[in-house]
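Novice: Got a sequence here, can you build the structure:
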Amino acid sequence: MNNTDFWKSIETIVTDGFTPEGLQKLDHYAELFINGRLVYQRFSPFEQHGCAAGGPTHVIASLLAGAETAADRAAAPDGNDFKAEVKRGTQQAERIERWARAVGCWTESIDDSLTKQLGEQIAEGGEAKVYDHGATLVKAIGLDYFIQPILALDRISLHNAYFPETTLTVLGFGRTADGEFKIIVEQPFVEGTHVSDKEIADYMHKMGFELHNPRNWTYSTPDIYLSDMHDENVIKSREGNIFVVDCDIRINTPELKTGGTRTMTTEIKIS
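Specialist: Coordinates of the predicted model:
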């Protein structure tokens, strides 16, 4: 199966309404992806492992978000218009929702549901609400910073690749009472203390990142854009180990203006 045939297969699964046969095929593609036989060239091999670490639900959602259907092509022929980007994001979210409903990983009125299951939220950031789940945290992540689900799902893949100690596992999806699309993830709880900006900078430099903009704690390499690296998102354990629990991490394209050299692609190779 070549790249064109693969994405035609995904489009058929979507347009057929996620039949049992289609769902079985998606599960098979996820298995190939996790085993490394389906290579998603959007990521390096290292980053694809990070996507796989998010679990089969994350892998399938990432493929569905990356599928450029006929409706997507009609929405954004030039790929640059903001309104078209919003429309494409809406289509990606609707596609994931239809699949998530079909397989039972969809949550209605997500804030109320998570509060009933886990109690009141313990923290809230610019895009996520956080709930205590004992040894783990459950987060409901929105699209505020990303618009398109594919970019929010990329963020999870990249976080898992670069910060595997705090891997994000995708549990499912849902919407708030106001209709806002959310990704539900689980993450290990790490107890620790605040970290100074210098300690964060030293940690990032050891990883090969250079400080690009101290005002919004942005670091970069030619491959990766990383911001929001402040002391609420990075903690130090009792043993002195640094853990990144939250950040804005992206594939670093030239458009981000931080020395990025990557290009977005959805090319697939299957062995």
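Novice: In the protein, what helix or strand scores lowest on average pLDDT?
Specialist: Ranking every helix and strand in the chain by mean pLDDT, DSSP states H and E puts helix 70-75 at the bottom, with a mean of 48.
Novice: average pLDDT across the following helix or strand past that helix?
Specialist: Per DSSP states H and E, the first helix or strand lying C-terminal to helix 70-75 is helix 82-103. Average pLDDT, helix 82-103: 93.
Novice: low-scoring stretches of the chain, by residue?
Specialist: By pLDDT under 70, the low-scoring segments of the chain are 68-80.
Novice: Surely His194 is in contact with Asp231?
Specialist: Yes. His194 is in contact with Asp231 according to C-beta atoms under 8 Å; the separation is 4.4 Å. Placement of C-beta: from N, CA and C, glycine included.
Novice: Between the two, which has more neighbouring residues?
Specialist: When His194 and Asp231 are compared for neighbours, Asp231 comes out ahead with 15 against 11, by other C-beta atoms under 10 Å.
Novice: Would you agree that one is in contact with Gly192?
Specialist: No. Look at Asp231 against Gly192 with C-beta under 8 Å: they stay out of range, at 10.7 Å.
Novice: How about Glu180, nearest residue that isn't a chain neighbour?
Specialist: Using C-beta to C-beta, 6 or more residues apart in numbering and skipping the chain neighbours, the partner closest in space to Glu180 is Gly142 (5.8 Å).
Novice: Could you do Met204 as well?
Specialist: In this structure, Met204 finds its nearest non-sequential neighbour in Tyr219, 4.8 Å apart by C-beta to C-beta, 6+ apart.
Novice: you'd agree that neighbour is in a helix?
Specialist: No. Counting by DSSP: H, G, I helix; E, B strand; the rest coil, Tyr219 falls outside a helix, being strand.
Novice: dump the residue contacts of it.
Specialist: Applying C-beta atoms under 8 Å, 6 or more residues apart in numbering to Tyr219 gives the contacts Met204, Phe209, Glu210, Leu211, His212, Leu226, Ser227, Met229.
Novice: How many residues are close by the last one?
Specialist: Looking back up the chat, that one is Met229. Met229 has 24 neighbouring residues, counting by other C-beta under 10 Å.
Novice: pretty sure it contacts Trp217?
Specialist: Yes. The pair Met229 / Trp217 is scored as a contact, 4.3 Å apart, by C-beta under 8 Å.
Novice: Now the common contact residues for these two.
Specialist: Shared contacts of Met229 and Trp217, counting by C-beta under 8 Å, 6+ apart, come down to Ile200.
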